[in-house]
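Trainee: predicted model, plus sequence, below.
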Amino acid sequence: MERRHFLRLGPAALGAGLLGAAPLIARAATAPKTIRLDYAYYSPPSLVLRKFGWLEEDLKAQGTDVKWVLSQGSNRALEYLNSDSIDFGSTAGLAALLARANGNPIKAVYVYSRPEWTALAVGKDSPIKSVRELKGKKVAATKGTDPYLFLLRALHENGLKKGDVEIVHLQHPDGRAALEQGRVDAWAGLDPHLAASELEAGSRLIYRNVNFNTYGFLNVSDSFAARHPDQVRRVIAAYEKARAWIKAHPDETVALLAEESKLSPQVARLQLQRNDFSHPQIGREHADALRAAAPILTEEDLVKSGTDLPRTINALIDSSYAQGVIRA
């Protein structure tokens, strides 16, 4: 389908997509030459934006280019932010908090989805039926991501500690392969790889807890936000346009996700069914969720002793950029 068909959004969505020509012209002198963003299969709005080029169109008049970098997981997005390889990165909320606590200077400015994107899975023929049965077993997980932290919280919830299992540190696609090949006993998976393993390999979910899935955060480096606050708002506005398109075009979103991730439409549909795109404004509820999850970071020595996590949460979550940009 040609781009012009996808641009037919209602007035509210179009209003959320652009911030107006006058501010753009007035601020053109301070605009960056390039804005670098990640895109990720676990962040459908990023795929929509990259596909249709709405951000590129918005920034063209001020002479700003857009560069897209693929993130395979929160850990990669956070590494890219910390090394100044990107300006905006898509991560899970708790992973962003862990990074900020350990010195990665980022702000979370937008919620791209409320997902249930991780669970603990075992192979099709595995006799394991509960988390407690993982004691002494090998579990694949990607360190520094929501699935890794989900695994730690699930162990604690069931009376186990990190040392009670052997965690095999693998990137998400490799964790899926290790599970299906029998090289690990369980896997803390991430969609769409988790959904694919369920539907294509018969992998079984032995533990789900939507409350242990933290929100999908769009993060920006502190330095970029300080230098270019208007561009932060423009990126959020573009994400809002993508969110409106996803809500208006569910079937087309399934097709796009399947095309980008090279997975079947059935897998893409299952992943999207586990995402809520209704509440993009970041704020108190997200801070409260992180405060509830934060103890796992200290209990497992993932942050330095004495780290003030409540203060770190306040430094991480910044609702000011999205205020006035999000319309509904």
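Mentor: Arrived safely. Residues are numbered from 1 along each chain as shown.
Trainee: alpha carbons only for contacts and neighbour counts from here, please
Mentor: Fine.
Trainee: per-residue confidence at Val325?
Mentor: On the pLDDT scale, Val325 is placed at 95.
Trainee: next one: Asp301
Mentor: 88.
Trainee: helix, strand, or coil at it?
Mentor: With DSSP: H, G, I helix; E, B strand; the rest coil as the basis, Asp301 sits in coil.
Trainee: burial measure for it, as a count.
Mentor: The local packing of Asp301 (other CA atoms under 10 Å) involves 10 other residues.
Trainee: got phi/psi on it?
Mentor: Note on Asp301: backbone dihedrals following degrees, to the nearest 10 are phi 60, psi 40.
Trainee: name the residues linked to the closest residue to Val184 other than its chain neighbours by a beta bridge.
Mentor: Once flanking residues are discounted, Val184 sits nearest to Lys138: 5.0 Å by CA to CA, 6 or more residues apart in numbering. Judged by DSSP bridges, the bridge partners of Lys138 are Glu166.
Trainee: from Leu179, how far out is Lys138?
Mentor: Distance of Lys138 to Leu179, computed by CA to CA, to the nearest Å: 10 Å.
Trainee: who has more neighbours out of the two?
Mentor: With neighbours defined as other CA under 10 Å, Lys138 and Leu179 compare such that Leu179 has more, 25 against 18.
Trainee: tell me the contacts of that one?
Mentor: 122-123, 140, 185-187 (CA atoms under 8 Å, 6 or more residues apart in numbering).
Trainee: 10 Å instead?
Mentor: 121-124, 138-140, 185-189, 197, 201, 203 (CA atoms under 10 Å, 6 or more residues apart in numbering).
Trainee: now Leu272: closest residue in space that isn't a chain neighbour?
Mentor: Val254 (7.3 Å).
Trainee: who are the contact partners of that neighbour?
Mentor: Under the contact definition (CA under 10 Å, 6+ apart), the residues listed for Val254 are 44, 246, 264-273.
Trainee: make JSON lines from the residues you listed and add distance to Ile86 to it.
Mentor: Below are these laid out as JSON lines (distance: CA to CA, whole Å):
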{"residue": "Pro44", "distance to Ile86": "18"}
{"residue": "Ile246", "distance to Ile86": "25"}
{"residue": "Ser264", "distance to Ile86": "29"}
{"residue": "Pro265", "distance to Ile86": "30"}
{"residue": "Gln266", "distance to Ile86": "32"}
{"residue": "Val267", "distance to Ile86": "29"}
{"residue": "Ala268", "distance to Ile86": "26"}
{"residue": "Arg269", "distance to Ile86": "29"}
{"residue": "Leu270", "distance to Ile86": "30"}
{"residue": "Gln271", "distance to Ile86": "26"}
{"residue": "Leu272", "distance to Ile86": "26"}
{"residue": "Gln273", "distance to Ile86": "29"}
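Trainee: now the residues you listed: which count as buried?
Mentor: 44, 246, 264-265, 267-272 (16 or more other CA atoms under 10 Å).
Trainee: and after the helix ranked longest in the chain, which helix or strand comes next?
Mentor: What stands out as the longest helix in the chain, according to DSSP state H, is helix 229-248. Downstream of helix 229-248, the first helix or strand assigned by DSSP states H and E is helix 250-261.
Trainee: report the angle between that following helix and helix 229-248.
Mentor: Here helix 250-261 points in a direction 120 degrees away from that of helix 229-248 (axes from the mean of the first three to the mean of the last three CA atoms, to 10 degrees).
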